[in-house]
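Asker: The sequence isn't on hand, but the structure is:
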Ligand SMILES: NC(=O)C1=CN([C@@H]2O[C@H](COP(=O)(O)OP(=O)(O)OC[C@H]3O[C@@H](n4cnc5c(N)ncnc54)[C@H](O)[C@@H]3O)[C@@H](O)[C@H]2O)C=CC1
Ligand SMILES: O=C(O)CCC(=O)C(=O)O
């Protein structure tokens, strides 16, 4: 390869100038892969990297819908079908005003590597819309979902592309999306995952991402003979992933000192109790409230507009959104003695933060490995649908734990250094090995 890494990155940035999140995700992966790629020029000669960073297909469409006042609104919908070398495109849908093509390309790119790590035959994709569900009525959400699916339905299917939830797309939205898909296709299939239990959903899909994050954290801690019990843990976010991370940590005796939302951080110096967790879940899932509105009793403090990263903790688990933890936050966490960071969200740490954690040789679990439990149980949902069966929670939890162990082992195998495990390198190399092998075997497509 005649180009250097920085020349390659620069060329990519010039091709699509307004996609900073996508550039960041690619740079993080290529920094890990580059020495191996230089030793194995066949990957460049076969255009594997050029093909990995170019989506197989991108669909952009108009989503017109009528609000409660009778006014016609128009949003922009997307599906990025990134790579299907190892299986049908798979990955969530995000409804949030910050959604654009660059954000979805970063998420789809990460998803390709993540899905390869799960051991299941799943390609990578991601989609969504710049629609803000906040403050919208049930009827408005339903009409939006129906309009979105009217176009998306032409591009998905159980062996083609299987979307699921992500930020702003939970059980209610999946229900409306699936209803419209079923109506249009006249078939009951596994074209979406994260479905309700009464219409083909899998037990534990709701919990799987959060539980998987904790199982991965346990396996990283085990390499240093540490357990979760008694550890002080700062968690960010308060949505699907954060809620189930916190639930599992409390079950295992962890002391959870924070959760957060876009209004600020809820600090619990003595650790959240089960009752407080329950009240937070109710606030978020039933009332759609903000932490600033929560009755702060029993030792809970609201830190307005603050993230949790200045709080003293042994473990930090960011579960909100991309780039929520920067270089300064990383240095503060390290100064305060944090020994382990596990990414529940997708790319919550900036590349500067990742570098600081790696230089300090603390345990750092990147999202594409640590939060893969959700998509893995989506894969199990697809398997159950294909067999017209329904597995019990024990079986799914066992499979989830097995998969998280396999992902951890792959990271160790590919990321083992003399004195530590580089989980970033391990996850990137292991994911790449599987996808690149499949691409090479299938020719230039
Ligand atoms: N739901 C899933 O199965 C999976 C989700 N993820 C990732 O986990 C992260 C969270 O997703 P979900 O929990 O599903 O979404 P969600 O919509 O259920 O929750 C998102 C949460 O993050 C909070 N949040 C958003 N922006 C914030 C900000 N700027 N500061 C603080 N908090 C903020 C929101 O208040 C909300 O509580 C995302 O990065 C998503 O891509 C990753 C793997 C699977
Ligand atoms: O279950 C799925 O397909 C969605 C998972 C997802 O979007 C993610 O892993 O970020």
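Answerer: Perfect, thanks for sending it. Since we're looking at a predicted model, the values are computed, not measured. Residues are numbered from 1 along each chain as shown. Ligands and ions are numbered 1, 2, ... in the order given.
Asker: contacting residues for the spatially most central residue of the chain?
Answerer: Geometric centre of the chain, nearest residue: residue 346, 4.2 Å, by Cα atoms, centre = their mean. By Cβ atoms under 8 Å, 6 or more residues apart in numbering, residue 346 lies in contact with 106, 107, 110, 322, 367, 368, 371. Heads up, the C-betas are built off the backbone N, CA and C, glycines and all.
Asker: Next: residue 250.
Answerer: Contacts of residue 250 (Cβ under 8 Å, 6+ apart): 256, 272, 274, 277.
Asker: So how do I select the buried members of those residues in ChimeraX?
Answerer: Burial among the contacts of residue 250 is assessed by 16 or more other Cβ atoms under 10 Å; the matching ChimeraX selection reads:
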select :256,272,277
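Asker: quick check, nearest of the contacts of residue 250 to residue 424?
Answerer: residue 256 (25.3 Å; Cβ to Cβ).
Asker: Pretty sure that closest one sits in a strand.
Answerer: Yes: counting by DSSP: H, G, I helix; E, B strand; the rest coil, residue 256 is found in a strand.
Asker: Please identify the buried residues of stretch 126-138?
Answerer: 126, 127, 128, 129, 130, 131, 133, 136.
Asker: Closest one of these to ligand 2?
Answerer: residue 126 (6.4 Å; Cβ to the nearest ligand atom).
Asker: Can you show me the strands along the stretch 101-250 of the chain?
Answerer: 124-129, 161-164, 232-235 (DSSP state E, counting those that start in this stretch).
Asker: how many other residues sit next to the residue of the chain found nearest ligand 1?
Answerer: Nearest residue of the chain to ligand 1, counting by Cβ to the nearest ligand atom: residue 239, 1.8 Å away. Close neighbours of residue 239, defined as other Cβ atoms under 10 Å, add up to 22.
Asker: Return the residues in contact with it.
Answerer: When contacts are counted by Cβ under 8 Å, 6+ apart, residue 239 is found next to 167, 170, 284, 319, 320.
Asker: Kindly recompute the last result at 6 Å.
Answerer: Residue 239 makes no contacts at all, as judged by Cβ atoms under 6 Å, 6 or more residues apart in numbering.
Asker: does stretch 241-248 come close to ligand 2?
Answerer: No: applying Cβ under 6 Å from any ligand atom, one finds stretch 241-248 separated from ligand 2 by no less than 9.1 Å.
Asker: what stretches of the chain score poorly on pLDDT?
Answerer: 1, 295-297 (pLDDT under 70).
Asker: need the residues of it near ligand 2, please.
Answerer: 90-92, 111, 114, 164, 166, 193, 346, 371, 374-375, 378.
Asker: Compare those residues and tell me which has the most neighbours.
Answerer: residue 91 (32 neighbours).
Asker: Can you pull the phi/psi pair for that one?
Answerer: phi 160, psi 160 (degrees, to the nearest 10).
Asker: May I have the beta-bridge partners of it?
Answerer: residue 163 (DSSP bridges).
Asker: list the contacts for it?
Answerer: Applying Cβ under 6 Å, 6+ apart to residue 91 gives the contacts 111, 124, 125, 126.
Asker: Redo the strands of the stretch 101-250 of the chain as TSV? Include distance to ligand 1.
Answerer: TSV is the format used below for those (distance: least, Cβ to the nearest ligand atom, whole Å):
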stretch	distance to ligand 1
strand 124-129	9
strand 161-164	7
strand 232-235	11
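Asker: partners of the longest strand seen in the chain, with directions?
Answerer: Taking DSSP state E as the criterion, the chain has its longest strand at strand 72-83. When pairing is defined by DSSP bridges, strand 72-83 lines up against strand 57-66 (antiparallel), strand 124-129 (antiparallel).
Asker: highest average neighbour count across those?
Answerer: strand 124-129 (a mean of 30; mean count of other Cβ atoms under 10 Å).
Asker: all helices for the stretch 251-400 of the chain, in order.
Answerer: Secondary structure of the stretch 251-400 of the chain by DSSP state H, counting those that start in this stretch: the helices cover 274-285, 327-335, 351-359, 367-370, 373-387, 393-415.
Asker: most tightly surrounded among the ones you listed?
Answerer: Highest mean neighbour count among those (mean count of other Cβ under 10 Å): helix 367-370, with a mean of 28.
Asker: ok, back up a step: can you lay out the buried residues of stretch 126-138 as CSV showing distance to residue 58?
Answerer: Below are the buried residues of stretch 126-138 laid out as CSV (distance: Cβ to Cβ, whole Å):
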residue, distance to residue 58
126, 11
127, 10
128, 13
129, 14
130, 15
131, 18
133, 23
136, 26
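Asker: For the stretch 151-300 of the chain, give the residue positioned nearest to ligand 2.
Answerer: residue 164 (3.3 Å).
Asker: show me the contacts for that residue.
Answerer: Here residue 164 is in contact with 92, 193, 194, 378 (Cβ under 6 Å, 6+ apart).
Asker: So residue 301 is in contact with residue 267, correct?
Answerer: Yes: at 4.5 Å, residue 301 counts as touching residue 267 under the criterion of Cβ atoms under 6 Å.
Asker: Show me which positions of stretch 436-445 end up buried.
Answerer: Buried-residue list, stretch 436-445, by 16+ other Cβ under 10 Å: 436, 438, 439.
Asker: Show me the contact partners of that stretch.
Answerer: 48, 85, 86.
Asker: I'd like these as TSV, with distance to ligand 1, secondary structure and neighbour count appended.
Answerer: Listed next are the contacts of stretch 436-445 as TSV, based on distance: Cβ to the nearest ligand atom, whole Å; DSSP: H, G, I helix; E, B strand; the rest coil; neighbours: other Cβ atoms under 10 Å:
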residue	distance to ligand 1	secondary structure	neighbour count
48	25	helix	21
85	21	coil	22
86	18	coil	19
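Asker: Identify, from those residues, the entry nearest to residue 430.
Answerer: residue 86 (12.9 Å).
Asker: Now that closest one. Nearest residue, chain neighbours left out?
Answerer: residue 438 (4.8 Å; Cβ to Cβ, 6 or more residues apart in numbering).
Asker: quick one: the one you found from residue 160, how far?
Answerer: As judged by Cβ to Cβ, to the nearest Å, residue 438 and residue 160 stand 17 Å apart.
Asker: Ok, residue 61 next?
Answerer: 17 Å.
Asker: so what's the backbone phi/psi at the residue nearest to the centre of the chain?
Answerer: phi -90, psi 120.
Asker: Next one: it relative to residue 145, how far apart?
Answerer: 22 Å.
Asker: How about residue 10?
Answerer: 40 Å.
Asker: Counting neighbours around each, name which of these two comes out higher.
Answerer: Between residue 10 and residue 145, counting by other Cβ under 10 Å, residue 145 is the more crowded of the two (29 against 13).
Asker: so what's the more buried one up against?
Answerer: 173, 176, 177.
Asker: out of everything not next to it in sequence, what's closest to it?
Answerer: With Cβ to Cβ, 6+ apart as the criterion, residue 145 has its nearest non-adjacent residue at 3.6 Å, and that residue is residue 176.
Asker: Thank you, goodbye.
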